[in-house]
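Novice: Need coordinates for the following:
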Amino acid sequence: MTEQARRYAEAIFATIGYPLLMLGKNLRVMSASEIFYKIFKVNEKETIGNLLYRLGNGQWGIPDLRKNMKIRLLKRKNIKVLKLNTNLYILVKNA
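Specialist: Residues are numbered from 1 along each chain as shown. Prediction:
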């Protein structure tokens, strides 16, 4: 990701009103919106760099989520937005 693209993504994350994650290679969290931290009661230190499935107490280790994420990653799209429900979006970036 270029520096300009990173700054743009950070600006979006800073202003968006939804919990949002940006995932990189191997589904590691690259960035999270402030509202994500607030709603899920986690902080940046325990989130950034961590595997999606290990966030919190493993609450993201949902079998259907894992299956859906693997299918999307196999398609090798550069960027894909996954809406988990009406309150959470995940942005997946293949690195």
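Novice: Just confirm residue 58 is within a strand.
Specialist: No. Under DSSP: H, G, I helix; E, B strand; the rest coil, residue 58 falls outside any strand and is assigned coil.
Novice: any idea where the strands of this protein begin and end?
Specialist: Taking DSSP state E as the criterion, the chain contains strands spanning 20-23, 29-32, 79-85, 88-93.
Novice: Show me what the first one is packed against.
Specialist: Where contact means 3 or more Cβ pairs under 8 Å, 6 or more residues apart in numbering; DSSP states H and E, strand 20-23 is packed against helix 3-15, strand 29-32, helix 34-40, strand 88-93. (Glycine included, C-beta is placed from N, CA and C.)
Novice: Now with 6 Å, please.
Specialist: For strand 20-23, the packing partners by 3 or more Cβ pairs under 6 Å, 6 or more residues apart in numbering; DSSP states H and E come out as strand 29-32, strand 88-93.
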